[in-house]
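Student: my questions concern the predicted model and sequence given below.
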Amino acid sequence: LFPPTPKNKITLANETTVVAPLGGYQYVPIETVEPGNDRTLEPWTDCPIRTRAFKDHISKVYASSEFKEKAKSAQPFFGAIRDYIFG
């Protein structure tokens with residue numbers, strides 16, 4: 001999908017071929033979860049037993065040295081894009 005490619009095109013009903021802007025630029029797909037959305041409705045977290053196990057797993061991940069190291073190294077990036085994401 002990346003980098004831009006002229007293969008990123010579509011043929012319209014009138015047989016006109018349109019190439020994406022900037023020589024075939026492709027937007028990075030980003031999926032977010034709004035703070036008000038309840039992730040526990042996901043099928044892999046909806047069972048009370050799984051929900052507890054999931055929460056325990058997440059707690060272990062957040063407490064791990066690997067996660068803390070990665071979070072620290074990613075902080076400059078997230079700080080730089082904060083205004084673009086949250087306005």
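Tutor: Sure thing, it's come through.
Student: which elements pack onto the one helix or strand Val61 maps to?
Tutor: With elements taken from DSSP states H and E, the one containing Val61 is helix 48-63. Applying 3 or more CB pairs under 8 Å, 6 or more residues apart in numbering; DSSP states H and E, we find helix 48-63 packed against no helix or strand. Glycine gets a C-beta too; all of them are placed from N, C-alpha and C.
Student: pull the distance from it to the chain's centre.
Tutor: 21 Å (CA atoms, centre = their mean, to the nearest Å).
Student: how about it, which residues are buried there?
Tutor: Phe54 (16 or more other CB atoms under 10 Å).
Student: tell me the angle whatever helix or strand comes next after that helix makes with helix 48-63.
Tutor: Next helix or strand after helix 48-63 toward the C-terminus (DSSP H and E): helix 65-86. Counting by axes from the mean of the first three to the mean of the last three CA atoms, to 10 degrees, helix 65-86 lies at 90 degrees to helix 48-63.
Student: now what about helix 65-86, what contacts it?
Tutor: Val61 (CB atoms under 8 Å, 6 or more residues apart in numbering).
Student: for that helix, the distance to its chain's centre please.
Tutor: That offset, for helix 65-86, works out to 14 Å (CA atoms, centre = their mean).
Student: before we move on, what about stretch 12-31?
Tutor: On CA atoms, centre = their mean, the centre of stretch 12-31 falls 21 Å from the chain's centre.
Student: that one: which residues count as buried?
Tutor: So, applying 16+ other CB under 10 Å, buried residues of stretch 12-31: Ala20.
Student: got the contact list for that stretch?
Tutor: Taking CB under 8 Å, 6+ apart as the rule, stretch 12-31 contacts 1-2, 4-11.
Student: again, only this time at 10 Å
Tutor: With contacts defined as CB atoms under 10 Å, 6 or more residues apart in numbering, stretch 12-31 is touched by 1-11, 85.
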